[in-house]
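A.B. asks: need the 3D shape of this:
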Amino acid sequence: MVEQNFTEKISALEFLDFAVSFGRPPVPFTGVWVDKERLLKELRRNHIAQSAPYHVLAKAYEANYGNNLLMEEIGDDRPEMIPTWVVVPSEEAMGCSPKAYVDQMEKEGIKAVRLFPSSTGNPAKATRYAFTKWFYGDYFEEFQRRHIPITVEFSPNRRDEPDWSKLYEVAKDFPKLDIVLADGFQRTAWTLIKLLRECQNLYVQTSGLDVHRELEYMVNQVGAQRFIAGSKFPVSTIGTMVGQVTFANLSFEEKKLIAGDNARRIMGLPIKGGNL
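C.D. replies: Numbers count the residues shown, from 1 in each chain. The predicted structure is shown next:
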């Protein structure tokens, strides 16, 4: 018999949505501008305990500009919202050395950074960049040294595959750097499984596993500790993420890891207990 109210089960999982953003994504998305009030309302409606937002203008226009808007928007709502910054990993783009950048992150309480190497945003600035060690190496060395996890999203076309060689290279070059993969992984399960087994510092965001029962299959192959819940709201709905994890044929302990505890662990946040 299907239950009518899953509020307690969802709340017990202590969701942390690792992929939400302020602002409005570009065309073809036609929704409204997402500000703090609207985002908090949607998170609370879906019983999400915490989130890790970024500002869409940090991706689509200029990283520092969008990061500053994010901090202004969040204000003092830190327990519920853990801000994440977008970075173009070069001194020329960010205007400071890797050490100075991470110093500022720590001062502001930033626990993770996001990279969009293939962004097609602001044509007046170099929003695309080479995803190779000679470009990002000094910043990644600092992130690894200071235990700052990164999220990488290439946003390939629907029928294109991720650049497996580049993902393998960065994971092997920086083995103590936690790297979250945020792209879609449709029809690539076997390659992804091999990559995750070869590179223990890689994680996969659940929004990229949208084939029927794909999350459960992947967990059975490599373990629940390698997956991080993320909705990509407002491009996608938060309820889709909640349903994907809550109704998965997995144990409560596995679901709780995916729902939020894996993200908390790599960001160095407290992890609460919970039970059904």
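
A.B. asks: report pLDDT for the spatially closest residue to residue 95 that is not a sequence neighbour.
C.D. replies: Nearest residue to residue 95 in three dimensions, chain neighbours excluded: residue 64, at 6.9 Å (C-beta to C-beta, 6 or more residues apart in numbering). For glycine as for every other residue, the C-beta is placed from the backbone atoms N, C-alpha and C. For residue 64, the model assigns a pLDDT of 95.

A.B. asks: please compute how far whichever strand or helix holds residue 64 lies from its chain's middle.
C.D. replies: Element membership for residue 64 (DSSP states H and E) is helix 63-74. Relative to the centre of its chain, helix 63-74 is centred 17 Å away, using C-alpha atoms, centre = their mean, to the nearest Å.

A.B. asks: what's next to that helix, contact-wise?
C.D. replies: Here helix 63-74 makes contact (C-beta atoms under 8 Å, 6 or more residues apart in numbering) with 22-23, 35-36, 53-60, 81, 83, 85-88, 93-95, 108.

A.B. asks: between the two ends of stretch 21-36, how far is it?
C.D. replies: 10 Å (C-alpha to C-alpha, to the nearest Å).

A.B. asks: residue ranges of the helices in the stretch 151-276 of the chain, please?
C.D. replies: With helices called from DSSP state H, counting those that start in this stretch, the stretch 151-276 of the chain shows them at 164-173, 189-198, 214-222, 238-246, 252-256, 262-267.

A.B. asks: so which of the ones you listed is nearest residue 18?
C.D. replies: helix 262-267 (4.8 Å; C-beta to C-beta).

A.B. asks: low pLDDT regions in this structure?
C.D. replies: Within the chain, the segments meeting pLDDT under 70 span 1-4, 27-31, 77, 119-127, 156-159, 274-276.

A.B. asks: let's go with 90 and repeat that
C.D. replies: 1-8, 24-33, 60-61, 75-79, 117-130, 154-163, 183-189, 208-213, 235-236, 272-276 (pLDDT under 90).

A.B. asks: now the strands for it?
C.D. replies: Applying DSSP state E to the chain gives strands spanning 16-17, 21-22, 50-51, 54-55, 85-86, 113-115, 150-152, 179-181, 202-205, 227-228.

A.B. asks: how about the nearest residue to residue 46, chain neighbours excluded?
C.D. replies: Leaving out its chain neighbours, the residue that sits closest to residue 46 by C-beta to C-beta, 6+ apart is residue 238, at 4.5 Å.

A.B. asks: gap between the one you found and residue 44?
C.D. replies: In this view, residue 238 and residue 44 are 10 Å apart by C-beta to C-beta, to the nearest Å.

A.B. asks: quick one: which of those two has more around it?
C.D. replies: Legend: neighbour count by other C-beta atoms under 10 Å for residue 238 and residue 44, higher for residue 238 (25 against 11).

A.B. asks: ok, the more buried one - contacts?
C.D. replies: 17, 20, 42-43, 46, 48, 231.

A.B. asks: ok, so of those, who is nearest residue 257?
C.D. replies: residue 17 (15.0 Å).

A.B. asks: quick one on the thing from earlier: go through the strands of the chain and name the closest to residue 243.
C.D. replies: That would be strand 16-17 among the strands of the chain, by C-beta to C-beta, at 13.2 Å.

A.B. asks: quick one: the closest one to chain centroid distance?
C.D. replies: Distance, stretch centre to chain centre, for strand 16-17: 9 Å (C-alpha atoms, centre = their mean).

A.B. asks: coming back round to it: got a winner among the contacts of residue 238 for most neighbours?
C.D. replies: For the contacts of residue 238, the largest number of neighbours (other C-beta under 10 Å) sits with residue 17, at 30 neighbours.

A.B. asks: chain neighbours aside, what residue packs nearest to it?
C.D. replies: Distances taken as C-beta to C-beta, 6+ apart place residue 51 nearest to residue 17, at 4.3 Å, with adjacent residues excluded.

A.B. asks: to what extent is the one you found buried, counted in neighbours?
C.D. replies: 28.

A.B. asks: kindly report the same for the one 5 residues further on.
C.D. replies: The number of residues packed around residue 56, counting by other C-beta under 10 Å, is 24.
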